[in-house]
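A.B. asks: fold the following, please.
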Amino acid sequence: MSTISTDSQLEYELQELYILSQHWLQDLSFLEDEMHFFKNILRKYQETGTLNEVPSKAQDLTAKIREQELHLESLKIMVPEFLRFLEPFIGGQRKEMDLGFLEKYNKLETALRTLFAAIKATKQELFSYTEAIMTVEKAVQTP
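C.D. replies: Residues are numbered from 1 along each chain as shown. Below you'll find the model as predicted:
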């Protein structure tokens, strides 16, 4: 049985972190598509919601989506910056690590988790909002 040297293990873990960070970019692209979907749904039901006296909910959802879009845009900048930050640690360059490494990673991971949770909550609110509108429309149309 052979053991992996500490340097090799660290190199492997850094490469895994780099791959994970690249996946974050794909996740952000997915979230961007989700936001477009949310805005399309909101546009479709916003007028009906206004007619059914639910305009404040539509405005609230619009504001939340806009805030999340801004957060998403900042993360689309932060993730590539983190990837560039990681590059010197991978391969033969052997940059020395300090606590700043962990701080950068934790800050980015926390921001991503926060955005995912916020978008999930917005999705639930949006679907409840549209379901309520559809229920009212159905009741109005049923004689």
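
A.B. asks: now do whatever helix or strand A139 lives in: which elements does it pack against?
C.D. replies: Assigned by DSSP states H and E, A139 belongs to helix 99-141. In terms of contacts (3 or more C-beta pairs under 8 Å, 6 or more residues apart in numbering; DSSP states H and E), helix 99-141 is packed against helix 6-51, helix 55-86. Every residue, glycine included, has its C-beta placed from N, CA and C.

A.B. asks: mean neighbour count, distance to L115 and mean pLDDT for these - can I get that in TSV?
C.D. replies: As requested, the helices and strands packed on helix 99-141 are arranged in TSV below (neighbours: other C-beta atoms under 10 Å; distance: least, C-beta to C-beta, whole Å; pLDDT from 0 to 100):
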stretch	mean neighbour count	distance to L115	mean pLDDT
helix 6-51	14	7	85
helix 55-86	15	5	92
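
A.B. asks: make JSON lines out of these and add distance to T110.
C.D. replies: As requested, the helices and strands packed on helix 99-141 are exported to JSON lines (distance: least, C-beta to C-beta, whole Å):
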{"stretch": "helix 6-51", "distance to T110": "12"}
{"stretch": "helix 55-86", "distance to T110": "11"}
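
A.B. asks: from I41, how far out is N106?
C.D. replies: As judged by C-beta to C-beta, to the nearest Å, N106 and I41 stand 34 Å apart.

A.B. asks: do V136 as well
C.D. replies: According to C-beta to C-beta, V136 stands 16 Å off from I41.

A.B. asks: next one: L28
C.D. replies: Distance from L28 to I41, counting by C-beta to C-beta: 20 Å.

A.B. asks: that older thread, the helix holding A139 relative to helix 55-86, how many degrees between them?
C.D. replies: Using axes from the mean of the first three to the mean of the last three C-alpha atoms, to 10 degrees, one finds that helix 99-141 and helix 55-86 are set 150 degrees apart in direction.

A.B. asks: mean confidence for helix 99-141?
C.D. replies: Averaging pLDDT along helix 99-141 yields 89.

A.B. asks: ok now that helix, how far from the chain's centre?
C.D. replies: How far helix 99-141 lies from its chain's middle: 9 Å, per C-alpha atoms, centre = their mean, to the nearest Å.
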